[in-house]
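Trainee: Generate coordinates for the sequence data below:
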Amino acid sequence: MIPFLWKGEKRVNDEFMTAPELADYLRFKPDTIYKKVQRGELPFHKVGRAVRFKKTEIDH
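Mentor: Numbering: from 1, shown residues only. Alright, predicted model coming up:
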């Protein structure tokens, strides 16, 4: 089971976050997250066709 943290009313997965969850966490718009991924400015992981972000990598 993956532990979850609560930030306000939205769930933040301690292991991986979606782009909208990361946008909420960093207080960016989701479009900004996708642009940063395309430019190689954020570490990410591909899960099928989706991108996921590891919180520990983002925090460093």
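Trainee: end-to-end on stretch 41-50?
Mentor: 17 Å (CA to CA, to the nearest Å).
Trainee: Identify each buried residue in it, please.
Mentor: Judged by neighbour count (16 or more other CB atoms under 10 Å), stretch 41-50 contains these buried residues: 42, 44. No exception for glycine: its C-beta is placed from N, CA and C like everyone else's.
Trainee: Just the pLDDT at the residue nearest to Val37 when sequence neighbours are not counted, thanks.
Mentor: Leaving aside its chain neighbours, Val37 sits nearest to Phe44 (5.5 Å; criterion: CB to CB, 6 or more residues apart in numbering). For Phe44, the pLDDT comes out at 96.
Trainee: same thing with His60?
Mentor: 84.
Trainee: Please apply the same query to Gln38.
Mentor: According to the model, Gln38 scores 96 on pLDDT.
Trainee: So what's the residue count around it?
Mentor: 9 (other CB atoms under 10 Å).
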